[in-house]
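Student: predicted model and sequence below, questions to follow.
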There are 2 protein chains.
Amino acid sequence: MKEQDVLELIHTSFTGLLHEGAKGFSNDGALVLPNSGQRLAVSTDAFASDVDFRPFWGTAAQAGGRAIKQNLSDLAAMGAQPLGFTWSLSISHDWLNNSEGFQSFVHGAAQVCREHQLLLLGGDLGWQKEGFSCHITIIGETHGAGLGHQSAQPEESLWLSGPLGESHLGLSLIQQAHHAQPFLSDPQFQTWVQNRSKQERKWVERHLNGHHELGLGHHLNGLASACIDISDGLSSDLHKICRASGVGASLELAPLVQHLPQTTPKQSQQVEHAVLHGGEDFVLLFSVPKAKENELNSLIEAGFCLQKIGQTNTEKSQITLHSAGCTKMLHPLGWDAINLY
Amino acid sequence: MKEQDVLELIHTSFTGLLHEGAKGFSNDGALVLPNSGQRLAVSTDAFASDVDFRPFWGTAAQAGGRAIKQNLSDLAAMGAQPLGFTWSLSISHDWLNNSEGFQSFVHGAAQVCREHQLLLLGGDLGWQKEGFSCHITIIGETHGAGLGHQSAQPEESLWLSGPLGESHLGLSLIQQAHHAQPFLSDPQFQTWVQNRSKQERKWVERHLNGHHELGLGHHLNGLASACIDISDGLSSDLHKICRASGVGASLELAPLVQHLPQTTPKQSQQVEHAVLHGGEDFVLLFSVPKAKENELNSLIEAGFCLQKIGQTNTEKSQITLHSAGCTKMLHPLGWDAINLY
């Protein structure tokens, strides 16, 4: 593929989703008119091959969709609705020559954008020696103040919008299998997925498909006092809220792990690790003042899967975890972009 | 350096320039309240080692400043004033271990931000196998409609806000010297720069320091009908305006090359190439309706170095170049991010 082919692929895939000013993707940017008086939510995220996804672990289309979804998840955590995004793509010769993979990646991304009318505002095409990376900056609008990390108060209840740990368990299964016999093609990987149990397949697909809670985030705006999406892991993401808000928190382990199998001590340990420190579940963690708790009922009735997992307190930046009569400190041991390598 | 060191470096360097929501750079984003009814200008740009800059070709601080300036230049071309930017940084172990270079890069970027009160809105820290890359998405505001590529009309005059070719000539000098004896340290490079003639030093520094015309862009908003910054080269950037606006253009070569030495035929050829196809001068190219031309006088009196270089016509996407009685077609032969490699 040459530059012109890449631009054409993007223009074709994003038909109807190109912001007026971005008629050429090769235009770096665009002029956007937000609704008057609305706050903008801006967020940026890198998505790189061999770091955030691996060729042949799932389809390239899944990876492309996931790149967009993790940015939508950031908007969800700010209580915002999407406007558009900019795309900085760095591509190596390997990826340009394997144009099928790159095309699928773009198609997968465009499909998720289409579902949410997320406009492509502009882009920059670059080159890198190996692999492929895409850097997305997404822009949304919030009605009212929006949601942040810094406004949690002591004595609020802490809630999750879905089960934790599934994405991490799915990734662990893939890693183990890949270690035993590396996946070298997508069909090979798909065969392996089909041979998993129903539950394992669910975890693997949760990891590969990504997730976001855009609908819920919109409703939490004005209701929750602080909110974050679980991308690095509960321990790390809750620490961010506690640090930013100057509060502490106490959690119960039992409700966090009840949906997962723990028939052996080893399995229990793996599940506990996945739930507390595993990332990329992209459910929302939020705190709600006691006085507003009953407002959550209408959301639960509307089908949102909300679960109370603990509460905030005045112990600055300290998180305690209660389990079977024991109490221990929960340190931020989730995803660390740099030190893992 | 570990992740915590990187975050601390960024927080310290950007003291007073951190958007409230970006108290942790590790927060991906922030909530921004634009002035009511203003249009937003959004632009994205990649800046990667060994592609957009090379270690030891100038200081890391110059490179960091240049990364910010090329995004300010995009805002200038949209007639916008800066609000803030997001930063996606991908760093290799080599760059983390050579922390002095990385620190200088961040300091250099922060210094340019400080000059323009450009706030850091949020960031994402990632890892890559080799080298270092930073992806910036800058956000600004325009009073009124802002400037784009698509509104040039036939029979308008074409203007440049400064001389072309100097950045390209500077880069060529560095490349030739590096080819003869590679630069392996910054002091070695600085010694080489000091041994250049005054004119050559000016070209080299123009390339290394980067440039933007933020002040002028603001004045052109409402006056120019189309505008672009020369980042890929005159031939390519003028083609973008012509393609987007559905017009053609004719240019005179003489005024474009008059400031550069052309004592030998070889030198003339090099100069012509640098002026027509060399990128990264970051001056503005804009079209102005005949009826508004005299409004440029006050800008010229205020010290802006504006030069008329030709005019638009009805020949769609065709650019003719007139030189010593000859006319030839000017094709877009400037920077091509992918096919150069």
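Tutor: Received it, and whenever you're ready, just let me know what you need. Residues are numbered from 1 along each chain as shown, chains lettered A, B, ... in the order given.

Student: where do the helices sit along the stretch 51-200 of chain A?
Tutor: Here the stretch 51-200 of chain A has its helices, by DSSP state H, counting those that start in this stretch, at A:60-77, A:93-97, A:99-116, A:166-180, A:186-194, A:198-209.

Student: which one of those lies closest to A:Ser235?
Tutor: The closest of the helices of the stretch 51-200 of chain A to A:Ser235 is helix A:166-180. By Cβ to Cβ, the value is 12.0 Å. C-betas here are computed from N, CA, C, even on glycine.

Student: now the closest one, how far from the centre of its chain.
Tutor: Here helix A:166-180 is found 18 Å from its chain centre; the criterion is Cα atoms, centre = their mean, to the nearest Å.

Student: show me which parts of that helix are buried, residue by residue.
Tutor: Buried positions in helix A:166-180, judged by neighbour count with 16 or more other Cβ atoms under 10 Å in any protein chain shown: A:166-174, A:177-178.

Student: quick one: least confident helix or strand in chain A?
Tutor: Lowest by mean pLDDT, DSSP states H and E among the helices and strands of chain A is strand A:29-32, with a mean of 71.

Student: adjacent strands (with direction) for that strand?
Tutor: Using DSSP bridges, strand A:29-32 pairs in its sheet with strand B:39-48 (antiparallel).

Student: for stretch A:122-136, how far is the first residue from the last?
Tutor: One end of stretch A:122-136 sits 10 Å from the other (Cα to Cα, to the nearest Å).

Student: hmm, it touching chain B?
Tutor: Yes: interface with chain B: stretch A:122-136 contributes A:122-131, A:133, A:135 (Cβ under 8 Å from any Cβ of the partner chain).

Student: buried only: go through those residues for me.
Tutor: A:122-129, A:131, A:133, A:135.

Student: using TSV, lay out these together with distance to A:Pro187 and pLDDT.
Tutor: Shown next, in TSV, are those (distance: Cβ to Cβ, whole Å; pLDDT from 0 to 100):
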residue	distance to A:Pro187	pLDDT
A:Gly122	36	84
A:Gly123	31	84
A:Asp124	34	85
A:Leu125	30	85
A:Gly126	31	85
A:Trp127	30	83
A:Gln128	28	85
A:Lys129	28	85
A:Gly131	22	89
A:Ser133	25	92
A:His135	30	94
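
Student: between which two of the residues you listed is the distance greatest?
Tutor: Top of the distance list for those (Cβ to Cβ): A:Gly122 and A:Lys129, 24.9 Å.

Student: ok, now how distant is the residue of chain A most remote from its centre from B:Glu301?
Tutor: Distance from the C-alpha centroid of chain A peaks at A:Gly325, with 32.9 Å (Cα atoms, centre = their mean). A:Gly325 sits 82 Å away from B:Glu301, going by Cβ to Cβ, to the nearest Å.

Student: other residues contacting stretch A:173-183?
Tutor: For stretch A:173-183, the external contacting residues (Cβ atoms under 8 Å, 6 or more residues apart in numbering or on different chains) are A:56-57, A:189, A:192, A:196, A:200, A:203-204, A:207.

Student: filter the residues you listed down to the buried ones.
Tutor: Among those, those classed as buried by 16+ other Cβ under 10 Å are A:56-57, A:189, A:192, A:196, A:203-204, A:207.

Student: could you single out the nearest of the residues you listed to B:Ala67?
Tutor: A:Trp57 (32.5 Å).

Student: could you check the pLDDT of that closest one?
Tutor: pLDDT for A:Trp57: 93.

Student: what does the one 3 residues further on give?
Tutor: What the model reports for A:Ala60 is a pLDDT of 93.

Student: domains of chain A?
Tutor: Following automatic domain parsing, chain A resolves into domains at A:3-142, A:157-329.

Student: quick check, nearest of the contacts of stretch A:173-183 to A:Leu251?
Tutor: Nearest to A:Leu251 among those, counting by Cβ to Cβ, is A:Trp203 at 22.2 Å.

Student: surely the closest one meets A:Pro163?
Tutor: No: the criterion here is Cβ atoms under 8 Å, and A:Trp203 misses it with A:Pro163 at 10.4 Å.

Student: so which strand or helix has A:Cys227?
Tutor: strand A:226-229 (DSSP states H and E).

Student: next helix or strand past that strand?
Tutor: Using DSSP H and E, the helix or strand that follows strand A:226-229 towards the C-terminus is helix A:234-245.

Student: which strands and helices lie in contact with that following helix?
Tutor: The helices and strands touching helix A:234-245, judged by 3 or more Cβ pairs under 8 Å, 6 or more residues apart in numbering or on different chains; DSSP states H and E, are strand A:226-229, strand A:248-252, helix A:265-277, strand A:284-288, strand A:319-323.

Student: contacting residues around A:Leu147?
Tutor: A:Leu147 is in contact with A:77-79, A:217, A:220-221, A:224, A:226-227, A:286, counting by Cβ under 8 Å, 6+ apart.

Student: adding neighbour count, distance to B:Ala63 and pLDDT, write the residues you listed out as JSON lines.
Tutor: Converted to JSON lines, these look like this (neighbours: other Cβ atoms under 10 Å in any protein chain shown; distance: Cβ to Cβ, whole Å; pLDDT from 0 to 100):
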{"residue": "A:Ala77", "neighbour count": "35", "distance to B:Ala63": "33", "pLDDT": "95"}
{"residue": "A:Met78", "neighbour count": "32", "distance to B:Ala63": "32", "pLDDT": "93"}
{"residue": "A:Gly79", "neighbour count": "30", "distance to B:Ala63": "37", "pLDDT": "94"}
{"residue": "A:Gly217", "neighbour count": "30", "distance to B:Ala63": "38", "pLDDT": "96"}
{"residue": "A:Leu220", "neighbour count": "27", "distance to B:Ala63": "41", "pLDDT": "97"}
{"residue": "A:Asn221", "neighbour count": "19", "distance to B:Ala63": "40", "pLDDT": "94"}
{"residue": "A:Ala224", "neighbour count": "26", "distance to B:Ala63": "41", "pLDDT": "97"}
{"residue": "A:Ala226", "neighbour count": "26", "distance to B:Ala63": "37", "pLDDT": "96"}
{"residue": "A:Cys227", "neighbour count": "29", "distance to B:Ala63": "37", "pLDDT": "96"}
{"residue": "A:Phe286", "neighbour count": "28", "distance to B:Ala63": "40", "pLDDT": "98"}
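
Student: and which of these is nearest to chain B?
Tutor: Chain B lies nearest to A:Met78 out of the contacts of A:Leu147, by Cβ to the nearest Cβ, at 6.1 Å.

Student: now that closest one: how far from B:Trp159?
Tutor: 42 Å.

Student: for the closest residue to A:Leu208 other than its chain neighbours, give me phi and psi.
Tutor: Closest residue to A:Leu208 apart from its sequence neighbours, by Cβ to Cβ, 6 or more residues apart in numbering or on different chains: A:Gly58 at 3.7 Å. Main-chain torsions, A:Gly58, degrees, to the nearest 10: phi 80, psi 170.

Student: any idea how many residues pack against A:Gly58?
Tutor: Around A:Gly58 there are 25 other residues, counting by other Cβ atoms under 10 Å in any protein chain shown.
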